[in-house]
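Undergrad: Make a model of this:
(one chain, ligands or ions: 1)
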Amino acid sequence: MNIAMTIDNLQKNYGNHTVLKGISFDVKKGEVFAILGVNGAGKTTTLECIEGLRKYDQGVITINGKMGIQLQSSSLPEHIKPMEAVQLFAKWNKVKIDQVMLTTLCIDKLAKQQYFQLSTGQKRRLHLALALISNPDILFLDEPTAGLDVEARISLHAQIRKLKDRGKTIILTSHDMAEVEILCDRIAILNNGNIVFLGTFEELRKKIGKHYSIKIETNQGNDIVETDNVSDTLLKLLENYKQKGILVLDITISRGTLEQHFIELARRNL
Ligand SMILES: Nc1ncnc2c1ncn2[C@@H]1O[C@H](COP(=O)(O)OP(=O)(O)OP(=O)(O)O)[C@@H](O)[C@H]1O
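TA: Next up, the predicted model:
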């Protein structure tokens with residue numbers, strides 16, 4: 001079986017506010033899959049329904065494998081020490097502690113501190129370690145790098161890649177498009193209770209169309225033009241400059257970022 005998880009027609013209401021209007025998607029085994037959307041789009045609600053932490057009104061969720069869930073920031077007692085939490089989780093799960101994993105996440109270096117004394121990055125690493133204690137097949141990470149500095153972020157990205165290399169399926173939410181772009185195989189974009197895009201980054205580029213950006217530096221200032229046909233657009237622009245006697249100094253052609261595509265998609269759905 002190549003599918004780690006299937007969500008079929010998931011609906012969730014908070015009172016008379018319908019947050020998920022019957023969303024469906026699959027996540028393949030070994031994939032890093034991101035759920036994206038603006039604040040309040042329903043990303044956490046989706047994850048929590050799948051994780052079994054939240055009741056839902058309709059739909060079928062099928063999970064093929066053991067789940068590991070990264071805790072939210074206030075989930076542990078303030079005075080617990082990281083290794084005590086690790087031992088507790090290992091006991092609950094009836095598993096041996098994976099020392100290599102703890103060393104990789106530098107949990108062994110946090111021996112003296114209590115939970116409330118840890119930085120955001122240290123807490124995130126501990127939460128990831130706790131999620132990995134039971135050696136899960138499918139890992140859920142809700143905004144794993146929010147509030148982390150650049151170094152901690154890069155280190156967490158490396159951990160996520162290593163987990164993928166070990167065959168884990170990872171489902172995450174994030175507001176950081178650059179992060180999603182480098183880490184994820186596929187994305188689902190939630191908007192207004194529906195999935196408005198499901199697929200790879202390349203497929204998103206194709207759907208949005210204008211996936212190239214041409215920046216032209218002239219003696220009269222810079223122009224930035226979005227296009228899906230670089231040669232035609234460039235020829236027209238150059239002809240136009242020539243007619244007006246404008247001198248072209250430099251031309252840069254780049255592919256649109258996921259951030260630009262995301263904004264464009266949200267704009268179309270408003
Ligand atoms: N327990 C709750 N009771 C009532 N409404 C809720 C509850 N939890 C979330 N909501 C509402 O459901 C919607 C989706 O919330 P959710 O936290 O899933 O969004 P999100 O996409 O994760 O947002 P963010 O990016 O801000 O974390 C929001 O409008 C939120 O106000």
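Undergrad: Flag every residue of the stretch 1-150 of the chain that's near the ligand.
TA: 14, 19, 37, 39-45 (Cβ under 6 Å from any ligand atom). In short, each C-beta sits where N, CA and C put it, glycine included.
Undergrad: avg pLDDT for the helix or strand encompassing K206?
TA: Following DSSP states H and E, one finds K206 within helix 201-208. Averaging pLDDT along helix 201-208 yields 80.
Undergrad: Buried ones in that helix, by neighbour count?
TA: In terms of neighbour count (16 or more other Cβ atoms under 10 Å), helix 201-208 has its buried residues at 201, 204-205, 208.
Undergrad: Contacts for stretch 83-101, please.
TA: 76, 80, 102, 107-108, 110-111, 115, 126, 129-130, 132-135 (Cβ atoms under 8 Å, 6 or more residues apart in numbering).
Undergrad: Likewise for stretch 215-222?
TA: By Cβ under 8 Å, 6+ apart, stretch 215-222 touches 223-225, 237, 241, 246-254.
Undergrad: Any chance of a PyMOL selection covering the buried ones in these?
TA: Listed next is the PyMOL selection for buried residues among those, using 16+ other Cβ under 10 Å:
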select buried, resi 223+237+241+246
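Undergrad: Sort out for me which of the contacts of stretch 215-222 are in helices.
TA: Members of the contacts of stretch 215-222 lying in helices (criterion: DSSP state H): 237, 241.
Undergrad: how far is the host helix or strand of Q243 from where the chain is centred?
TA: Assigned by DSSP H and E, Q243 belongs to helix 230-244. Distance, stretch centre to chain centre, for helix 230-244: 39 Å (Cα atoms, centre = their mean, to the nearest Å).
Undergrad: Who are the packing partners of that helix?
TA: strand 212-218, strand 221-227, strand 248-255 (3 or more Cβ pairs under 8 Å, 6 or more residues apart in numbering; DSSP states H and E).
Undergrad: what's the longest one in contact with?
TA: Contacts of strand 248-255 with the rest of the structure, by Cβ under 8 Å, 6+ apart, involve 205, 211-219, 230, 234, 238, 241.
Undergrad: from those residues, which two are the most distant?
TA: Farthest-apart pair in the contacts of strand 248-255 is R205 and N219; separation 32.3 Å (Cβ to Cβ).
Undergrad: So for stretch 23-42, first residue to last residue, what's the gap.
TA: Distance across stretch 23-42, first residue to last, is 11 Å (Cα to Cα, to the nearest Å).
Undergrad: Domain map for this protein?
TA: 3-205, 208-269 (automatic domain parsing).
Undergrad: And L198, how far from F33?
TA: 10 Å (Cβ to Cβ, to the nearest Å).
Undergrad: Send me the helix holding Q243 as CSV with only the CA atoms.
TA: Written as CSV, here are the backbone C-alpha positions of helix 230-244 (Å, rounded to 0.1, in the frame of the first residue of the first chain):
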residue,chain,number,x,y,z
VAL,A,230,9.2,34.8,-21.5
SER,A,231,10.3,35.1,-25.1
ASP,A,232,7.2,36.9,-26.4
THR,A,233,7.0,39.3,-23.4
LEU,A,234,10.7,40.1,-23.6
LEU,A,235,10.6,40.8,-27.3
LYS,A,236,7.7,43.2,-26.9
LEU,A,237,9.3,44.9,-23.9
LEU,A,238,12.6,45.4,-25.8
GLU,A,239,10.9,46.7,-28.9
ASN,A,240,9.0,49.2,-26.7
TYR,A,241,12.2,50.3,-25.0
LYS,A,242,13.9,50.7,-28.4
GLN,A,243,11.1,52.8,-29.7
LYS,A,244,11.2,55.1,-26.7
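Undergrad: Give me the residues contacting it.
TA: With contacts defined as Cβ under 8 Å, 6+ apart, helix 230-244 is touched by 212, 214, 216, 218, 223, 225, 227, 247-248, 251, 253.
Undergrad: Now tabulate these in TSV and tack on pLDDT and distance to L10.
TA: Below are these laid out as TSV (pLDDT from 0 to 100; distance: Cβ to Cβ, whole Å):
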residue	pLDDT	distance to L10
Y212	82	36
I214	90	41
I216	94	46
T218	94	51
D223	90	45
V225	89	40
T227	85	37
L247	95	57
V248	95	52
I251	95	47
I253	90	41
